[in-house]
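**Q** This is the structure alone, sequence omitted:
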């Protein structure tokens, strides 16, 4: 296979990448986006603000014209509008005007592609409604969304901490007394370096800061190909246990305990409710402070979940795994009837599609394929005798087979059954021990300490007791 080059669509369905197999190495080319914070001086910030206002005006005008054509039943003209181009050329620059019109055309092409899938009933599950491209405005703040689109050959991004932009319009530079290209200092730790693409400079009204979003093409070394027979892992997603993982090569289990994540969610939910009640008393529905609280809550929660996903994928890569099966809890929200508290966690906290998307994004970096699998009934089916019954789940987290008496952790049983549905599994005899000390009954637990996931040793075997009334042997 030396020198074989394969080009095609995604390893995972959302990401277009290219594989290069050469000898024992597997290299992956993929597209990423890096985000850095900009620290402009006073004059440069005034120029950026006026420049972004003009860009938003151009987007809104070209988008309004195309929306009117669409709603009137006419053919939407996705070509370049020379009238608007000549009008905004001195205000935003010729290259920026072309990039904004091209970006709007891309948005409309994506909209029409989704409409075709909607007509064929093939929409992705996360898309509930297909709407035409909207305007660059923030309804909550009542202000425009300030976005500047810069072509890739009109800026330089250096590791010395500066961005040089050549696309600024001459009229604005003369107005603010700036000569030559704009030089803006940036701060951050970019994870990727490679071939840079289009850059978008965006002003965040919540943090009141400028950010540069830069698309980039990188090539990563995914390591050697798999060398184990059981080169797979299976994952069961949940709320109190965000992930239970079964690693095929080593036949071991890990569970990620979500107690700290739930504590974060309840804490910030209470703070947001208290502040929102104050806003309601003053007759205000939203504020910048309220949006900051929401953002801080989700950043802390997403940080923990993304760290969990990356740890699982990195360990899978070290074990030579090339495919990960992730349980897909289809229609879980339709059957949520466990009370107000549990329903609130299911509907407002748990976003399983987002977690699956993170698995796909991060696994792409390592050349690992992610496959969704149905998890319906996986935590009620015995991995030994195949007996399935709701009575096999007497308590939360406990699995006791009413037919053969097998005892295990319910989430680990589900992760194992997800793998069984996809392929034949060869496991060690330890799985078939009818004992609470087996690996499925005593997985490796990990806890979130607000910075990373740490392994916590399970209690000694003598502390794990299963009531006799819960275990009923077959034929007894």
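**A** Looks like it arrived, so ask away. Here the structure is a predicted model, which means the values were calculated and not measured.
**Q** What distance do you get for residue 65 to residue 277?
**A** Residue 65 sits 44 Å away from residue 277 when distances are taken as CB to CB, to the nearest Å. Just so you know, the C-beta spots here come from the backbone N, C-alpha and C atoms, and that holds for glycine as well.
**Q** who's more crowded, these two?
**A** residue 65 (16 against 9; other CB atoms under 10 Å).
**Q** List the buried residues in the host helix or strand of the more buried one.
**A** Here residue 65 sits within helix 42-71, counting by DSSP states H and E. The neighbour-count check on helix 42-71 (16 or more other CB atoms under 10 Å) flags 44-45, 47-48, 50-63, 65-67, 70 as buried.
**Q** How about the residue nearest the centre of the chain: what's its closest non-neighbour residue?
**A** With distances taken as CA atoms, centre = their mean, the chain has residue 358 as the residue nearest its mean C-alpha position (3.8 Å). Counting by CB to CB, 6 or more residues apart in numbering, residue 358 lies nearest to residue 309, which is 4.6 Å off, once chain neighbours are set aside.
**Q** wait, doesn't the residue nearest to the centre of the chain sit right on residue 305?
**A** Yes: the criterion here is CB atoms under 8 Å, and residue 358 meets it with residue 305 at 7.2 Å.
**Q** So residue 232 sits against residue 245, correct?
**A** No: at 11.2 Å, residue 232 does not count as touching residue 245 under the criterion of CB under 8 Å.
**Q** Name the residues contacting each of those two.
**A** With contacts defined as CB atoms under 8 Å, 6 or more residues apart in numbering, no residue is shared by residue 232 and residue 245.
**Q** Please, which helix or strand holds residue 33?
**A** strand 25-39.
**Q** and that strand, what's its mean pLDDT?
**A** Strand 25-39 shows a mean pLDDT of 85.
**Q** Show me where the chain dips below the pLDDT cut-off.
**A** 1-26, 222-230, 330-348, 424-441, 457-476 (pLDDT under 70).
**Q** mind running it again at 50?
**A** Residue ranges of the chain with pLDDT under 50: 1-23, 434-437, 458, 462-476.
**Q** can you give me the helices in it?
**A** In the chain, helices defined by DSSP state H lie at 42-71, 82-92, 94-119, 170-175, 259-281, 288-318, 340-344, 352-365, 410-422, listed in chain order.
**Q** Quick one: list the elements packing against the first one.
**A** For helix 42-71, the elements it packs on are helix 82-92, helix 94-119, strand 143-144, strand 147-150, helix 170-175, strand 182-187, strand 195-204, judged by 3 or more CB pairs under 8 Å, 6 or more residues apart in numbering; DSSP states H and E.
**Q** would you list those in CSV and tack on distance to residue 402?
**A** Shown next, in CSV, are the helices and strands packed on helix 42-71 (distance: least, CB to CB, whole Å):
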stretch, distance to residue 402
helix 82-92, 70
helix 94-119, 45
strand 143-144, 61
strand 147-150, 59
helix 170-175, 75
strand 182-187, 60
strand 195-204, 55
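**Q** Of those, which stretch is the most buried?
**A** Ranked by average neighbour count under the criterion mean count of other CB atoms under 10 Å, these are headed by strand 147-150 at a mean of 23.
**Q** Which neighbours in the sheet does that one have, and how are they oriented?
**A** strand 195-204 (antiparallel) (DSSP bridges).
**Q** Other residues contacting the strand it pairs with?
**A** Taking CB under 8 Å, 6+ apart as the rule, strand 195-204 contacts 31, 38, 48-49, 52, 99, 145-152, 155, 157, 209-218.
**Q** neighbours of residue 387, just the number please.
**A** 16.
**Q** so what are the domain limits for the protein?
**A** 33-221, 232-470 (automatic domain parsing).
**Q** What's the end-to-end length of the shortest one?
**A** Between the start and the finish of domain 33-221 there is a gap of 18 Å, counting by CA to CA, to the nearest Å.
**Q** quick one: that domain to chain centroid distance?
**A** 22 Å (CA atoms, centre = their mean, to the nearest Å).
**Q** Same question for the last one.
**A** Taking the mean C-alpha point of domain 232-470 and that of its whole chain, the gap between them comes to 16 Å (CA atoms, centre = their mean).
**Q** quick one, phi psi at the closest residue in space to residue 67 that isn't next to it in sequence?
**A** Spatially, and ignoring its direct neighbours in sequence, residue 67 is nearest to residue 132 (5.8 Å; CB to CB, 6+ apart). Backbone torsions for residue 132, taken as degrees, to the nearest 10, come to phi -70, psi 160.
**Q** Out of the helices and strands packed on helix 42-71, which gets nearest to residue 286?
**A** Closest approach to residue 286 among the helices and strands packed on helix 42-71 is made by strand 143-144 (12.7 Å; CB to CB).
**Q** Check which helices and strands that closest one is in contact with.
**A** Strand 143-144 packs on helix 42-71, strand 137-138, going by 3+ CB pairs under 8 Å, 6+ apart.
**Q** would you turn the ones you listed into TSV with distance to residue 381?
**A** Below are the helices and strands packed on strand 143-144 laid out as TSV (distance: least, CB to CB, whole Å):
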stretch	distance to residue 381
helix 42-71	50
strand 137-138	49
